[in-house]
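> prediction below, plus the sequence it came from.
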Amino acid sequence: MADANQNGTFTSTSLRLKVGLAEMLKGGVIMDVMNVEQARIAEESGAVSVMALERVPAMIRAEGGVARMANPKLIKEIKAAVSIPVMAKARIGHFAEAQILEAIGVDFIDESEVLTPADEAHHIDKHAFKIPFVCGARNLGEALRRIAEGAAMIRTKGEAGTGDVVHAVQHMRQITKEMRQLTVAREEELYNLAKEHGAPYELVRMVAKNGKLPVPNFSAGGIATPADAALMMQLGAETVFVGSGIFMKERATPLDVENNQKEREEAVSRAKAIVIATTHYNDPKVLAEVSEQVTGTMKGLAAAAIEEKELLQTRGW
Amino acid sequence: MTDLSSPRIGVLALQGDYERHATALEEAGAHPSLVKTAEALTDLDGLILPGGESTTMLKFLDRNSLFDALQGFTRHKPVFGTCAGAILLARQVSHPAQRSLGILDIAVERNAYGDQRDSAILTLDAEIPPATGPEPVECVFIRAPRIASVGSDVKVLASRDGFPVLIEQGHTMAATFHPELSADRRIHNRFVSLVKSAKISQ
């Protein structure tokens, strides 16, 4: 279990460095990219980091099949093309994929429900790695279980690949509400609350004392517009992940940023606008100005229309 | 009215770990505020450019003449840049090359120590005024840049393997590591004292 100091921050060198990198990404936008050209657009538009993958969630959802870690060759090409940190996804519980990602030097690993889980009981022991991990959560208990396993950053799961922000909102509200409730609980109540949340007592106590997670709390899953990004930031997210929202045209068709100048400009306009909206999230004038500049939005898929068994967010335990 | 006991120091809050700097400034006896626009620089006695991604911060500087406003501010008032902030203050930036404010006479190489696997917490000897000799200080390096060369007006307070990591030039300071992520406040105290003396001499 991780030791913490009085400010609610971890004391081990390894965790401090991992959380330290997450701190540097605060107030920014992390963008999913599928090729070098998209990575360049993301960096030029002001992304703080890119997530390298072969298919964005919207395509995984549309095409089906087993979704795995991206080819290391693609990740290395993207890493060579940009100077910002590069993240990549490993399947839940697939520590061998994580070892490969660490070996090629990615800066952050997302143990992600967007990929097909490799283990239905165990997540990766993230303490065993030098590279920091980010994990998804829908509630406080899930967030604290991931932190206990060594996650250096939590993101709300939302419902990836939909362009529908409703579940990201639900998960962020759930986590912040549960944290507020802990702050007013009596000392002796914390033991039972730890049991109810299914989370280690030490972490429950840290949250009760500080009113926030001991690692940065970011938001993901369905954020598609500058207004969506601003909404999540106002609800308490410290940074946003934008997956399918920037480079997708139709449900499973990406914008052609390599050959079609008009579609490239559309992607750039979305990326830039979301970056500015995330920084100036509490300035509606700026939000109006940048929303106006966006030339098109991902079509999206209403999350309410998705059958329970098709949801990605229920993966992870 | 001049209140010397608690100078007003802004933290550029476009992106990065600006909140940790604001907390550190409070602990060092200053009154911090978050700066997102050129207008927010008015009435400040000093400014911190925090760690984060310098490429992202540059995109914002290009909007709404923030670049010019910052350049004007940094010429006349004390500024402290950490990591990405040090890159923004440099005269020259490489790996890859990018625009910078050119306030400090230093050449900086980005991500020079490698990727996150090479991030490290080291204890280095630093001469932080008012101390007059070297004392150990904890330095948190995260995907750190390297100060490859410094001009003759630059005072080196600490080095790592022969390369400067903490420097001063007049009332401007820079660190390639993150003092805001340590509990030790000697470095923020030093900056607050630079801000106070600049205020007196105005």
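Yep, it's here.
> surely residue B:104 is in contact with residue B:168?
No: using CB atoms under 8 Å, residue B:104 is not in contact with residue B:168; the gap is 9.3 Å. Every residue, glycine included, has its C-beta placed from N, CA and C.
> the two: which has the busier surroundings?
When residue B:104 and residue B:168 are compared on other CB atoms under 10 Å in any protein chain shown, the one with more neighbours turns out to be residue B:104, at 28 against 21.
> ok, the closest residue to chain A within chain B - contacts?
Among the residues of chain B, residue B:59 lies closest to chain A, at 3.7 Å counting by CB to the nearest CB. Applying CB atoms under 8 Å, 6 or more residues apart in numbering or on different chains to residue B:59 gives the contacts A:45, A:46, A:272, A:275.
> still on that earlier bit, common neighbours of residue B:104 and residue B:168, please.
Here residue B:104 and residue B:168 have residue B:154 as joint contacts, going by CB under 8 Å, 6+ apart.
> near the closest residue to chain B within the stretch 201-317 of chain A, how many other residues are there?
With CB to the nearest CB, the shortest gap between the stretch 201-317 of chain A and chain B falls at residue A:279, namely 5.3 Å. Neighbour count of residue A:279, defined by other CB under 10 Å: 24.
> please identify the helix or strand for the closest residue to it other than its chain neighbours.
Residue nearest to residue A:279 in three dimensions, not counting chain neighbours: residue B:14, with 5.3 Å by CB to CB, 6 or more residues apart in numbering or on different chains. When elements are assigned from DSSP states H and E, residue B:14 belongs to no helix and no strand.
> so what's residue B:14 up against?
Taking CB under 8 Å, 6+ apart as the test, what residue B:14 contacts is A:27, A:279, B:36, B:52, B:56, B:57, B:60.
> what does chain B put close to chain A?
Where proximity means CB under 8 Å from any CB of the partner chain, the interface of chain B facing chain A comprises B:13-20, B:36, B:51-53, B:55-56, B:59-60, B:63, B:83-84, B:95-96, B:110-111, B:114-117, B:119-121, B:140, B:142-143, B:178, B:181, B:183.
> of those residues, buried ones?
When burial is judged by neighbour count using 16 or more other CB atoms under 10 Å in any protein chain shown, the buried members of the residues of chain B next to chain A are B:13-20, B:36, B:51-53, B:55-56, B:59-60, B:63, B:83-84, B:110-111, B:115-117, B:119-121, B:140, B:142-143, B:178, B:181.
> these two touch, right, residue A:250 and residue A:299?
Yes: applying CB under 8 Å as the test, residue A:250 and residue A:299 come out as touching, 5.7 Å apart.
> can you give me the helices for the chain?
The chain I'm using is chain A. Taking DSSP state H as the criterion, chain A contains helices spanning A:13-24, A:36-44, A:57-63, A:72-81, A:95-103, A:140-148, A:166-183, A:190-197, A:201-210, A:226-234, A:261-279, A:284-293.
> wrong one, I was asking about chain B
Shown for chain B, the helices assigned by DSSP H span residues B:18-27, B:54-61, B:66-76, B:84-89, B:186-201.
> possible to save those helices as a markdown table with distance to residue A:127 and mean pLDDT?
Written out in a markdown table, the entries for those read as follows (distance: least, CB to CB, whole Å; pLDDT from 0 to 100):
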| stretch | distance to residue A:127 | mean pLDDT |
| --- | --- | --- |
| helix B:18-27 | 23 | 97 |
| helix B:54-61 | 30 | 95 |
| helix B:66-76 | 41 | 94 |
| helix B:84-89 | 28 | 98 |
| helix B:186-201 | 30 | 95 |
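> could you find the closest non-adjacent residue to residue 146?
With no chain named, the answer covers chain A. Of all residues beyond its chain neighbours, the one nearest residue A:146 is residue A:135 (3.9 Å), with distances taken as CB to CB, 6+ apart.
> actually chain B
Taking CB to CB, 6+ apart, and ignoring the residues beside it in sequence, residue B:146 has residue B:112 as its nearest neighbour in space, at 3.5 Å.
> what is the burial count for the one you found?
17.
> surely it meets residue B:93?
No: at 11.2 Å, residue B:112 does not count as touching residue B:93 under the criterion of CB under 8 Å.
> quick check: neighbours shared by the two?
Listed as contacting both residue B:112 and residue B:93 by CB under 8 Å, 6+ apart is no residue at all.
> residues contacting the most centrally placed residue in chain B?
Using CA atoms, centre = their mean, the residue of chain B that lies closest to the mean C-alpha position is residue B:81, 1.5 Å off. Residue B:81 makes contact with B:48, B:49, B:87, B:88, B:89, B:104, B:172, B:173, B:174, B:175 under the criterion CB under 8 Å, 6+ apart.
> restricted to strands, list the residues you listed.
Secondary structure from DSSP state E places B:48, B:49, B:104, B:172, B:173, B:174, B:175 of the contacts of residue B:81 in strands.
> contact partners for the last one?
Under the criterion of CB under 8 Å, 6+ apart, the contact list for residue B:175 reads B:80, B:81, B:82, B:83, B:86, B:139, B:165, B:166, B:167, B:187.
> out of those, which are buried?
Among these, those that count as buried by neighbour count (16+ other CB under 10 Å) are B:80, B:81, B:82, B:83, B:86, B:139, B:165, B:166, B:167, B:187.
> settle this for me: the fifth one is touching residue B:145, isn't it.
This points to residue B:86. Yes: proximity of residue B:86 to residue B:145 meets the contact threshold set by CB under 8 Å, at 6.5 Å.
> which residues touch the residue nearest to residue A:141 when sequence neighbours are not counted?
Nearest non-adjacent residue to residue A:141, counting by CB to CB, 6+ apart: residue A:197, 3.6 Å away. Under the criterion of CB under 8 Å, 6+ apart, the neighbours of residue A:197 are A:139, A:140, A:141, A:144, A:178, A:204.
> also residue A:287?
Contacts here follow CB under 8 Å, 6+ apart; on that basis residue A:287 touches A:226, A:227, A:230, A:277, A:280, A:281.
> among these, who's most crowded?
residue A:226 (28 neighbours).
> contacts only, for that residue.
Residue A:226 sits in contact with A:273, A:274, A:276, A:277, A:287, A:290, A:291, A:294, where contact means CB under 8 Å, 6+ apart.
> out of those, who's nearest residue A:151?
Using CB to CB, residue A:274 is the member of the contacts of residue A:226 that lies nearest residue A:151, at 24.5 Å.
> the closest one against residue A:230, yeah?
No: Residue A:274 is not in contact with residue A:230 according to CB under 8 Å; the separation is 9.3 Å.
> low pLDDT regions in the chain?
Since you didn't name a chain, this refers to chain A. Under the criterion of pLDDT under 70, the regions of chain A flagged as low confidence span A:1-9.
> think we crossed wires, I meant chain B
B:1-4.
> which residues does residue B:35 bridge with?
Taking DSSP bridges, one obtains residue B:12 as the residues bridged to residue B:35.
> was I right about it contacting residue B:11?
Yes: because the distance of 6.5 Å satisfies CB under 8 Å, residue B:35 is recorded as touching residue B:11.
> anything in contact with each of these two?
With CB under 8 Å, 6+ apart as the test, residue B:35 and residue B:11 both reach residue B:47.
> still on that earlier bit, ok, now how distant is the residue nearest to residue A:279 from residue B:49?
9 Å (CB to CB, to the nearest Å).
> same thing with residue B:151?
According to CB to CB, residue B:151 and residue B:49 sit 19 Å apart.
> so which of these two has more stuff around it?
Neighbours around residue B:151 and residue B:49, counted as other CB under 10 Å, are more numerous at residue B:49. The numbers are 31 against 11.
> residue contacts, residue A:280?
Under the contact definition (CB under 8 Å, 6+ apart), the residues listed for residue A:280 are A:230, A:286, A:287, B:36.
> mind putting these into CSV with distance to residue A:241?
Listed next are the contacts of residue A:280 as CSV, based on distance: CB to CB, whole Å:
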residue, distance to residue A:241
A:230, 15
A:286, 21
A:287, 19
B:36, 22
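> doesn't residue B:119 make contact with residue A:13?
No: when contacts are counted by CB under 8 Å, residue A:13 is not listed as touching residue B:119 (10.0 Å).
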